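# Pasting the sequence and the predicted coordinates here, then a few questions.
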Amino acid sequence: MSQHQTMEEVSVEDLLNRYNLIVPEIQREYVWGNNPQKILTIFCEDIREARAERFSENSITYKTKAFIQNVLPGADDDIRENLQNLLKKSNWEDDYMNIGFLYSYKPNYNVFNDTYEDINLIDGQQRITTLFLLLFYFAIQERRKVNFEDFLRYDKSSGQLAFDYRVRSLTHNFLVDLIAKVSSIDDIAGIKKTSWFLSNYHDDPTISAMVSGLTLMESTFRSDKVLYYDFLKTQVRFWHFRTEETFQGEELYITMNSRGQQLADNENVRGKLFEPARLKKAGYNELYWSERWEIWQDFFWRHRNKQKSRSNADAGFNEFLRWIQIIRMVEMEQSIADDDNEEALDKKKIIEVMHWPDESQYNVAYLDMTEIDLFFGAIKYLYEDLPKELSAIKKQYKFYSRFDLLSKSWIRPDKALILIDLYKLLPALYFVKKVIAEGKRKDPHNIFRLIRFFHNSSLDDNIGKSIGPQTLQALLLIKRLRPTEDVVKLLGFKAQTIINKEEKLKLGLIKDSDVRVQLEDLCWMAEDMINHNGSILFLINWTLEETKVFDFKKFKKMLLTYRELRNHEDQIRADLIVTRCYELDDSRARWKWDYFKLSDFLQFAYQFYKWRSGALDEFLQDREKTFLKQYKDIAELLAESGLKKQIYIYYLLSKWVMTHRHVEWNWNNGKNFAKLYSWEIDDKLKNNFNSENFIQMYNQARAINMRRVIWLQTAKGIGTKKFERLLEWAAK
């Protein structure tokens with residue numbers, strides 16, 4: 001029978017005002033106090049950050065209190081009353097910290113006329129125990145132990161506690177002794193040396209973890225001057241889900257408190273996966289998988305967006321389950337055509353899940369718990385272990401430095417990831433899952449190469465134009481790739497858009513190279529250069545022009561020459577005015593954004609590569625002199641009618657003759673030039689060439705005004721002698 005059950009967002013104060021919280025015997029030991037994977041350290045830091053945020057000037061609480069203090073007293077009585085009522089209804093003190101889910105059920109011995117009802121914890125034991133220890137610690141530190149004892153309904157004679165490991169007598173006795181015997185911070189530091197700390201306590205894993213946790217809390221918070229006790233009691237909250245006497249786990253049509261919000265998607269999935277019939281059929285142990293589910297949630301809690309005061313594990317966990325469904329749908333599909341037809345029946349359902357429209361629902365047929373656990377191992381590896389392993393690998397790369405290609409925002413998203421991000425992430429997630437499933441060794445270098453491949457190919461416009469089918473094709477490539485195989489194995493697979501002509505060439509060169517890392521270093525560096533969009537086929541072909549045979553040493557020298565010129569674009573731009581890097585029409589010379597791909601620029605770079613007898617400025621000077629030597633005398637130079645050549649001559653004049661007035665060419669008005677005629681401009685301007693046109697700089701729109709006309713045409717004393725000196729300089 002389906003039951004209508006409720007989910008409430010509550011503080012620990014709300015819980016203990018209504019219930020006695022009991023950790024049942026079947027629950028695992030408390031372990032957070034041992035600080036596995038620094039989870040307690042992270043939790044304490046989260047508490048500190050959340051407490052600081054609540055009392056910052058940007059918090060809702062701070063602003064609302066300021067409003068009440070500064071604005072309401074001066075308002076009319078009716079307005080003040082209405083505003084106060086509105087503030088009460090809106091629950092303005094909502095700068096709180098939500099730390100996830102707390103599941104409980106009613107034990108069968110419960111007596112309903114009790115003042116406080118007993119409830120047994122199913123999930124959330126680690127968090128609630130940690131919160132209890134923190135409250136105890138701060139009660140001691142803030143000298144509020146009496147308040148803590150009242151809050152916990154502590155009865156020394158009977159040993160009653162509102163939060164208790166009641167059925168574990170040793171742990172229960174320790175908690176009673178702890179509250180009775182510890183009264184100062186110094187007492188906490190020496191717990192294990194006291195006479196009341198029994199020898200049996202030393203052997204109990206939960207007690208040992210509690211003592212370790214208190215010790216860590218003492219070292220973390222001892223120097224803090226702020227108060228935490230009330231914040232922990234009222235502003236740290238859970239989503240509390242109460243089941244009936246037995247955990248039915250049916251459809252779980254659950255609402256979150258009186259506002260009617262739906263339960264987090266991952267919790268709905270959990271309810272379905274934990275149905276008794278499903279558990280029995282799969283042979284699953286409910287306690288084991290409850291513990292695994294909590295571990296999964298803990299991961300997304302640690303990686304949540306801490307910049308948002310109400311963030312929790314749900315956004316990341318929900319998205320993670322969607323990724324699994326997508327991959328599993330691909331993995332379980334028998335045949336998917338290699339084309340871009342999104343409407344084909346073998347693709348449509350999968351691509352719909354990729355788009356994830358509103359009201360989308362998970363299909364638990366693809367979300368077996370064993371599979372979730374394998375994918376969890378993969379996502380944990382990618383975001384926690386791989387970055388550490390790459391720290392040694394990246395030392396092998398001299399020019400390339402981007403080893404953080406998997407965005408942290410993907411596991412703490414505000415909404416479902418867009419398809420281009422799925423394209424970059426899911427192949428790596430799928431591949432690592434396969435490695436784990438087959439018990440193979442994870443090769444961090446190979447895994448990063450795979451990540452890099454899909455990151456770079458995502459920059460291809462052809463990928464973006466059909467991103468749904470291409471993401472599907474990427475997953476199909478991984479489906480065919482064995483866990484022990486290298487990314488170069490993709491060469492043997494069919495995927496026309498992903499494994500295109502350029503990727504085939506690069507993978508082939510890498511596959512055959514005996515200096516693979518050095519070649520990757522150069523290729524990855526070049527792919528990331530501005531405006532390359534991951535494509536360097538034109539550079540590889542450029543280095544092959546002479547011999548048609550790939551020579552790594554030559555490729556390296558030419559590529560580094562090319563990079564040097566690109567990195568000094570401002571220095572070389574003027575020397576490219578006379579090339580096709582500037583596009584000329586009847587009235588304008590425009591700088592081309594893709595100049596670096598043009599044959600004129602590549603020829604320029606090749607000349608620098610061949611010249612390399614000195615620094616770049618010496619090479620440019622040599623080219624500039626060669627250009628000027630084409631004019632046999634001053635009359636021939638002043639007869640130059642070409643717009644780009646006139647501009648270049650003006651530039652050289654300013655650089656080599658007018659240096660006492662202008663050290664370098666002034667590009668402040670833009671990169672581009674327009675031609676003006678004498679009747680359009682002020683007659684004070686002087687044109688030194690034997691033509692009617694004048695030259696002005698412009699950005700986007702042509703601006704006919706004196707401020708944009710190049711300064712040499714407005715300067716006094718620019719006569720024939722200056723140009724003669726320029727030719728003399730070139731002749732030296």
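Good, I have the coordinates.
# List the residues that contact Val432.
Contacts for Val432 (CB atoms under 8 Å, 6 or more residues apart in numbering) come out as 377-378, 381-382, 442, 447. For every residue, glycine as well, the C-beta is placed using N, CA and C.
# Spell out which residues make up each domain of this structure.
Domain assignment for the chain by automatic domain parsing gives 6-59+95-234, 262-499, 568-731.
# Can I get these in CSV including mean pLDDT?
Below are the domains of the chain laid out as CSV (pLDDT from 0 to 100):
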stretch, mean pLDDT
domain 6-59+95-234, 86
domain 262-499, 89
domain 568-731, 86
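# so where do the strands sit in the stretch 601-732 of the chain?
672-677, 693-698 (DSSP state E, counting those that start in this stretch).
# Relative to Trp591, which of these is closest?
Closest approach to Trp591 among these (CB to CB): strand 672-677, 5.7 Å.
# Buried ones in the closest one, by neighbour count?
By 16 or more other CB atoms under 10 Å, the buried positions in strand 672-677 come out as 672-676.
# Gln235 against Leu131, yeah?
No - contact status for Gln235 versus Leu131: not in contact, 11.5 Å apart, counting by CB atoms under 8 Å.
# Out of the domains of the chain, which gets nearest to Trp524?
Once the domains of the chain are compared by CB to CB, domain 262-499 is nearest, at 4.2 Å.
# Could I get the buried residue list for whichever helix or strand Met329 is part of?
Assessed by DSSP states H and E, Met329 sits inside helix 314-332. Residues of helix 314-332 classed as buried by neighbour count (16+ other CB under 10 Å): 314-331.
# Same check on stretch 440-456?
For stretch 440-456, by 16+ other CB under 10 Å, it's 442, 444-456.
# now for stretch 511-518, what's the gap between its first and last residues?
With CA to CA, to the nearest Å as the measure, stretch 511-518 spans 13 Å from end to end.
# and if you look at stretch 394-414?
Using CA to CA, the end-to-end distance of stretch 394-414 comes to 31 Å.
# mind listing what's buried in it?
Using 16+ other CB under 10 Å as the test for burial, stretch 394-414 gives 397, 399-400, 403, 406, 410-413.
# which one of those residues is nearest Arg222?
Taking the buried residues of stretch 394-414 together and measuring to Arg222 by CB to CB, the closest member is Arg412, at 30.8 Å.
# Identify the residue spatially nearest to the closest one, adjacent ones excluded.
Distances taken as CB to CB, 6 or more residues apart in numbering put Asn305 closest to Arg412, at 4.4 Å, once the chain neighbours are dropped.
# Next up, the contacts around that neighbour.
Residues near Asn305 by CB under 8 Å, 6+ apart: 311, 315, 409, 412, 414.
# helix or strand for it, which one?
Assigned by DSSP H and E, Asn305 falls within no helix or strand.
# do the same with Val10
Here Val10 is assigned to strand 6-11, by DSSP H and E.
# And the next helix or strand past that strand?
Next helix or strand after strand 6-11 toward the C-terminus (DSSP H and E): helix 12-16.
# That following helix packs against which elements?
helix 125-141, helix 229-234, strand 236-242 (3 or more CB pairs under 8 Å, 6 or more residues apart in numbering; DSSP states H and E).
# Could you point out the helix or strand that follows that helix?
Sequence-wise, the next helix or strand downstream of helix 12-16 (DSSP H and E) is strand 19-22.
# Please tell me how far Trp611 sits from Gly439.
When CB to CB, to the nearest Å is the yardstick, Trp611 and Gly439 sit 57 Å from each other.
# These two: who's more crowded?
Trp611 (14 against 7; other CB atoms under 10 Å).
# out of everything not next to it in sequence, what's closest to that one?
Spatially, and ignoring its direct neighbours in sequence, Trp611 is nearest to Phe619 (5.3 Å; CB to CB, 6+ apart).
# isn't that neighbour right next to Tyr606, touching?
No - using CB under 8 Å, Phe619 makes no contact with Tyr606, being 12.0 Å away.
# quick one on the thing from earlier: now tabulate the domains of the chain in JSON lines and tack on distance to Glu527.
Shown next, in JSON lines, are those (distance: least, CB to CB, whole Å):
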{"stretch": "domain 6-59+95-234", "distance to Glu527": "35"}
{"stretch": "domain 262-499", "distance to Glu527": "5"}
{"stretch": "domain 568-731", "distance to Glu527": "13"}
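# of all these, which lies closest to Met529?
Short answer: domain 568-731, nearest of the domains of the chain by CB to CB, at 8.3 Å.
# what's the span of that closest one from first residue to last?
End-to-end distance of domain 568-731: 27 Å, with CA to CA as the criterion.
# What is the distance between it and the centre of its chain?
Put simply, domain 568-731 sits 45 Å off its chain's centre (CA atoms, centre = their mean, to the nearest Å).
# one step back: for the buried residues of stretch 394-414, which one is nearest Lys645?
Of all these, Lys645 sits closest to Phe399, with 37.0 Å by CB to CB.
# which non-adjacent residue is nearest the closest one?
Using CB to CB, 6+ apart and skipping the chain neighbours, the partner closest in space to Phe399 is Met525 (4.0 Å).
# can you count the residues close to the one you found?
Neighbour number of Met525 under other CB under 10 Å is 19.
# returning to what we had before: what's the residue nearest to Trp611 in contact with, if anything?
Going by CB under 8 Å, 6+ apart, Phe619 touches 607-608, 611.
# go on, Met217?
Shown in contact with Met217 (CB under 8 Å, 6+ apart): 44, 133-134, 137.
# where's it relative to Phe138, distance?
In this view, Met217 and Phe138 are 9 Å apart by CB to CB.
# quick one: which of the buried residues of stretch 394-414 sit in helices?
Judged by DSSP state H, the buried residues of stretch 394-414 include no members of helices.
# need the residues you listed in JSON lines with distance to Phe555, can you?
Formatted as JSON lines, the buried residues of stretch 394-414 follow (distance: CB to CB, whole Å):
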{"residue": "Tyr397", "distance to Phe555": "16"}
{"residue": "Phe399", "distance to Phe555": "13"}
{"residue": "Tyr400", "distance to Phe555": "15"}
{"residue": "Phe403", "distance to Phe555": "23"}
{"residue": "Leu406", "distance to Phe555": "29"}
{"residue": "Trp410", "distance to Phe555": "34"}
{"residue": "Ile411", "distance to Phe555": "38"}
{"residue": "Arg412", "distance to Phe555": "41"}
{"residue": "Pro413", "distance to Phe555": "40"}
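# Tell me which residues of stretch 594-602 come out buried.
For stretch 594-602, the neighbour count (16+ other CB under 10 Å) marks 595-596, 598, 601-602 as buried.
# Taking the residues you listed, tell me the two that lie furthest apart.
The most widely separated members of these, counting by CB to CB, are Tyr595 and Leu602 (10.0 Å).
# what about the closest residue to Lys156 other than its chain neighbours, neighbour count?
In space, and not counting its chain neighbours, Lys156 is closest to Ala180: 5.8 Å by CB to CB, 6+ apart. Applying other CB under 10 Å, we find 13 residues neighbouring Ala180.
# Please consider this matter closed, and thank you.
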